[in-house]
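show me how the following folds:
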Amino acid sequence: MIIRNAEPLDFSYLPRTLPFRDNEIQKINETVIQPLKNGTCSNLMIYGDSGTGKTATIKYLIRAEKDVEIIYENALSYGSLKSLLIDVLQKMGKIISNKGVSYQQIFRNIKSLSETKKRRIILVIDEASNVMKGDYEGIYNLFRAHELYSAYISSIFVSIENPAIFINDKDRRTLGIFSSLLFPRYRREELLRIIT
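As a prediction, the model looks like this:
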């Protein structure tokens with residue numbers, strides 16, 4: 001076998017165009033990106049089987065979107081949402097200690113940095129079920145960050161299973177409104193065209 005271009009075989013490869021995900025890109029734009037540009041924060045849960053293009057779609061949007069700051073985090077590296085948010089602050093240029101920090105301090109810092117940069121923030125949390133299972137307080141503060149701390153931050157949770165299954169009915173009411181988006185499996189003919 002002769003491989004002319006090995007780049008597409010790398011797991012981190014991102015094509016210039018993302019075939020067969022136009023509907024999902026449009027829904028993410030309509031649900032999260034455009035509302036945030038207009039001053040409305042929202043939360044979206046993306047889910048679907050492995051290999052359906054969830055992470056690739058997010059990384060495609062990160063590359064394409066210039067008007068808002070999209071910060072990507074993988075929750076597998078963190079034991080709690082709080083430690084993940086501290087890393088977000090570090091990526092934004094603010095170093096704070098993990099010990100004794102409150103969500104109020106975290107989101108006030110995010111608000112301040114966002115205002116300094118004059119850019120609203122979308123936080124993407126991949127492998128989100130890792131933090132959804134055990135950090136209700138963190139999810140509550142993130143989903144309601146604008147209401148509680150006047151921080152313009154929207155979130156996109158990405159998972160194989162629907163992250164909403166980790167939220168009981170009572171907690172779902174207190175978290176407020178969030179949307180879900182299922183990424184369907186590629187059809188056989190779509191996979192053949194992608195490979196070609």
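
which is the next helix or strand following the helix-or-strand element of the chain with minimal mean pLDDT?
One helix or strand of the chain scores below all others by mean pLDDT, DSSP states H and E: helix 169-175, with a mean of 69. Per DSSP states H and E, the first helix or strand lying C-terminal to helix 169-175 is strand 179-182.

okay, now the sheet partners of that following strand, with direction.
strand 43-47 (parallel) (DSSP bridges).

name the surrounding residues that touch whichever helix or strand comes after the partner strand.
Going down the chain from strand 43-47, the next helix or strand is helix 54-64, by DSSP H and E. Here helix 54-64 makes contact (C-beta atoms under 8 Å, 6 or more residues apart in numbering) with 14, 18, 21, 24-25, 28-29, 33, 46-48, 70, 72, 124, 126, 156, 158, 183. (Glycine included, C-beta is placed from N, CA and C.)

tell me which of those residues fall in strands.
46-47, 70, 72, 124, 126, 156, 158 (DSSP state E).

for E161, pull up the helix or strand it's in.
Going by DSSP H and E, E161 is not in any helix or strand.

does it touch S129 like I think?
Yes - contact criterion C-beta atoms under 8 Å: E161 and S129 qualify, at 6.0 Å.

with neighbour numbers in mind, choose between the two.
S129 (19 against 13; other C-beta atoms under 10 Å).

could you measure from the more buried one over to R21?
Between S129 and R21 the distance is 22 Å, computed by C-beta to C-beta, to the nearest Å.
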